[in-house]
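Asks: model this:
(2 chains)
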Amino acid sequence: MKKHTLEFEKPLRELETKINELETISQSGKIGIEKEITKLRRKLNKLHRDTYANLSRWQCVQLARHPNRPYTLDYIKLITTDFVEFKGDRNFRDDKAIIAGIGRWNDQPVAIIGHQKGRGTKDNLKRNFGMSHPEGYRKALRIMKLAEKFGLPVITLIDTPGAYPGLGAEERGQASAIAENLMAMANLKVPIIAVVIGEGGSGGALALGIADRVYMLQYAIYSVISPEGCASILYRDAAQAPQAADAMKITASDLLEFGIVDGLIEEPLGGAHYDPEMAASVISKTVTDALDKLKTLNPKKRIKMRINKYMKMGQWIEN
Amino acid sequence: MAAWFKRDKGKLASSLKREIPDGVWTKCNSCSEILFHKTLEDNHQVCPKCSYHFRMSSGGYVELLLDEGSWLEHDATVKSTDPLKFKDTAAYPDRITKYTKKSGLTDAIRCFSGIMSDHKVELSVMDFAFMGGSVGSVVGEKLGRAINRAVENRCPMIVVSCSGGMRMQEGIFSLMQMAKVSAALVRLSNLPQPFISILTNPTTGGTTASFAMLGDVNISEPGALIGFAGPRVIKQTIGQDLPEGFQSAEFVLEHGFLDMIVERKELKERVGCLLGLFRGNQNAVLQ
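Replies: All right, here's what the predicted structure looks like:
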């Protein structure tokens, strides 16, 4: 994978490179620089903590979209065993912007559905940058129904800029496909757990996002419209996206504070891409713990609680 | 009739629509005919010459669809707060105040119980005049309550949509209203009570991608713009002009996402007919 470095990651990377160089020299026999290396390591650690303690919302957006960030297939590989991918919506075609299948999650057989972004241009064209057409959402729904039939819990991994806005998508009913998923997920008999692992882009994210428990990775974002889209409409200037991100409050800690999501999953220092294995193991544990609790409820009760949770969302006054 | 529709807290018929001064003229967007406002008003905002459907206020639909004097408005006191302390070129509370003054509405939807051709119904009507019919917490909450009333009273739910989509100023709270209303519809869908979705010009974004597309029957007025992404966004994405008639009600009907297109003047009769058919021999069949 080609390493991509964000502007605010650069000082960290430079320091890392310097330490690596010194270590090479040290190993080749020169003495007296171990002290220097230890000092630099301490400096790196502090810089790391300082940088990530004060991330702006826009820096979060950049991390959520980081080209090196683990995607759905990476987590499936790291977390599950026996994963078998299912393809196609049995109607039009297989949408490669969404992965769906069944496998074992900590030994528990589950259905896993997630948006899939590509790495590099060619792969991204295949995955349509993680932007699904209607057939992607319909494939997702087909697998959810399959999971319901066999009593498998559903785990969704959310990571999309949004539903694809194009001619074919409109012709084949993008709106209808999303709407059908919202209602079907609200009424699904098996437990559903959603994790926003990167970008939670509007309706395209929500179409996999109705769940008994919704978690967000620490540097993931979730919003009604992209910061760029919001900025171009409200400020008539897409370059004001950082301001729009602040105005819309789209980070995991924002949404946790609003009570929209049920939990924030901490990422390794530097973000999930610094240590995908560590990120995967925390996700795995969080989901497994939640699943253990949800499994004890009967389906009717679970659906009722799920619907009630969503019925309470929103803020208004009445007088 | 049962007492449930008694007008105990609703507004009176006379306040349904804003007064329009006499002697105002409008040019038809389609055939360019110069139309007297009173003529348009009497014709439910449809051009008498070419049948072009102008946008109609929520009050206009209530008068069009419900039997005279049968309506009771609900939840008119539910109002927006500012959960994000949102500010763009203006602060969100200031926008709310401005639109309230301008439109005479408290938010982008009005919800009623009433009688429609012999059927007691829940009718909720969106209004484009309030922030482009955008859906925030208030619209979601009022729709949720209306759907719950339909469930409790065992009566049909009718929603007239007119909306540009979710309201950015309430951010994630707006997005979650798609989930909220769709979840509310689950309970209704388990009952033999129809949900009739009427889509008017325009119905786009998250509104289409949730309740507007979830009707047992999806009906549109002729010529309405219906879609998920707005035409401008699609044009930007694909980098070319859109085909003629793209995302029109006729286009959406042709592609299989609407059951029918019905002219405004026939809406009440058609929906009433459907409600009668759905009521059918239900009891005999189910018992």
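Asks: the domain parsing of the chain - what is it?
Replies: Chain wasn't specified; assuming chain A. A:7-54, A:61-311 (automatic domain parsing).
Asks: wrong one, I was asking about chain B
Replies: B:23-54, B:56-279.
Asks: to residue A:5, which of the ones you listed lies closest?
Replies: domain B:56-279 (28.6 Å; Cβ to Cβ). Yep, even glycine has a C-beta here, placed from its N, CA and C like the rest.
Asks: so what's residue 148 up against?
Replies: This is for chain A. Residues in contact with residue A:148 (Cβ atoms under 8 Å, 6 or more residues apart in numbering or on different chains) are A:188, A:189, A:190.
Asks: that's the wrong chain, I meant chain B
Replies: Counted by Cβ under 8 Å, 6+ apart, residue B:148 has contacts B:184, B:187.
Asks: how about the residues of the stretch 1-150 of chain A by chain B?
Replies: Within the stretch 1-150 of chain A, not a single residue sits near chain B (Cβ under 8 Å from any Cβ of the partner chain).
Asks: now do the helices in the stretch 1-150 of chain A.
Replies: Using DSSP state H, counting those that start in this stretch, the helices of the stretch 1-150 of chain A run over A:10-27, A:34-53, A:57-64, A:72-79, A:120-127, A:134-149.
Asks: do whichever helix or strand comes after the last one and chain B come into contact?
Replies: I take that to be helix A:134-149. Later in the chain than helix A:134-149, the nearest helix or strand by DSSP states H and E is strand A:154-160. No: Strand A:154-160 stays clear of chain B (Cβ under 8 Å from any Cβ), getting no nearer than 12.3 Å.
Asks: strand A:154-160 vs helix A:134-149, what angle?
Replies: On the basis of axes from the mean of the first three to the mean of the last three Cα atoms, to 10 degrees, strand A:154-160 is oriented at 160 degrees to helix A:134-149.
Asks: can you check the pLDDT for residue B:4?
Replies: At residue B:4, the pLDDT value in this model is 43.
Asks: could you do residue B:283 as well?
Replies: The model's pLDDT for residue B:283 equals 55.
Asks: and the next element down the chain from the helix or strand hosting residue A:177?
Replies: Here residue A:177, judged by DSSP H and E, is contained in helix A:174-186. Proceeding N to C from helix A:174-186, the next assigned helix or strand is strand A:192-201, under DSSP H and E.
Asks: partners of that following strand in the sheet?
Replies: strand A:154-160 (parallel), strand A:213-217 (parallel), strand A:221-223 (parallel) (DSSP bridges).
Asks: could these go into TSV alongside mean neighbour count, mean pLDDT and distance to residue A:25?
Replies: Converted to TSV, the strands paired with strand A:192-201 look like this (neighbours: other Cβ atoms under 10 Å in any protein chain shown; pLDDT from 0 to 100; distance: least, Cβ to Cβ, whole Å):
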stretch	mean neighbour count	mean pLDDT	distance to residue A:25
strand A:154-160	28	98	41
strand A:213-217	25	98	37
strand A:221-223	29	98	41
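Asks: strands along the stretch 151-287 of chain B, start to end?
Replies: For the stretch 151-287 of chain B, the strands defined by DSSP state E, counting those that start in this stretch cover B:157-163, B:195-203, B:217-220, B:260-261.
Asks: looking at those strands, which is buried most?
Replies: Among these, the stretch with the highest mean neighbour count (mean count of other Cβ atoms under 10 Å in any protein chain shown) is strand B:157-163, at a mean of 28.
Asks: residue A:253 contacts residue A:265, doesn't it?
Replies: No: look at residue A:253 against residue A:265 with Cβ atoms under 8 Å: they stay out of range, at 11.8 Å.
Asks: what sits in contact with each of the two?
Replies: By Cβ under 8 Å, 6+ apart, the residues touching both residue A:253 and residue A:265 are residue A:218.
Asks: read off the pLDDT value for the closest residue to residue B:210 other than its chain neighbours.
Replies: Counting by Cβ to Cβ, 6 or more residues apart in numbering or on different chains, residue B:210 lies nearest to residue B:178, which is 3.9 Å off, once chain neighbours are set aside. On the pLDDT scale, residue B:178 is placed at 98.
Asks: what about residue B:178, how many neighbours?
Replies: 30 (other Cβ atoms under 10 Å in any protein chain shown).
Asks: so it is in contact with residue B:209, correct?
Replies: Yes: in this structure, residue B:178 is within contact of residue B:209 by Cβ under 8 Å, at 6.6 Å.
Asks: mutual contacts of those two, please.
Replies: A:182, A:203.
Asks: pLDDT weak spots in chain A?
Replies: A:30-31 (pLDDT under 70).
Asks: dead centre of it: give me the residue that sits there.
Replies: In chain A, the C-alpha nearest the mean C-alpha coordinate belongs to residue A:197, at 1.7 Å (Cα atoms, centre = their mean).
Asks: so what's it up against?
Replies: A:69-72, A:75, A:114, A:157-159, A:217, A:220, A:272, A:283.
Asks: same question for residue B:46.
Replies: B:40, B:52, B:53, B:54, B:263, B:264, B:265.
Asks: pick out whichever of these sits closest to chain A.
Replies: Distance ranking of those against chain A, using Cβ to the nearest Cβ, places residue B:53 first at 20.7 Å.
Asks: the helices in the stretch 201-319 of chain A, which residues?
Replies: Under DSSP H, counting those that start in this stretch, the stretch 201-319 of chain A gives helices at A:202-206, A:227-234, A:241-248, A:252-258, A:276-294, A:299-311.
Asks: for residue A:151, give me its contacts.
Replies: Residue A:151 neighbours (Cβ under 8 Å, 6+ apart): residue A:190.
Asks: do residue A:49 as well
Replies: Residue A:49 neighbours (Cβ under 8 Å, 6+ apart): residue A:269.
Asks: number of nearby residues for the residue of the stretch 151-287 of chain B found nearest chain A?
Replies: Ranking the residues of the stretch 151-287 of chain B by distance to chain A (Cβ to the nearest Cβ) places residue B:229 first, at 3.2 Å. By other Cβ under 10 Å, the residues close to residue B:229 number 26.
Asks: in the stretch 1-150 of chain B, which residue sits nearest chain A?
Replies: residue B:137 (3.3 Å).
Asks: neighbours of the nearest residue to that residue once chain neighbours are set aside, how many?
Replies: Computed as Cβ to Cβ, 6+ apart, the closest residue to residue B:137 that is not its neighbour in sequence is residue A:314, at 3.3 Å. Using other Cβ under 10 Å, the number of residues around residue A:314 comes to 23.
Asks: now residue A:314: how far from residue B:181?
Replies: Separation of residue A:314 from residue B:181 (Cβ to Cβ, to the nearest Å): 10 Å.
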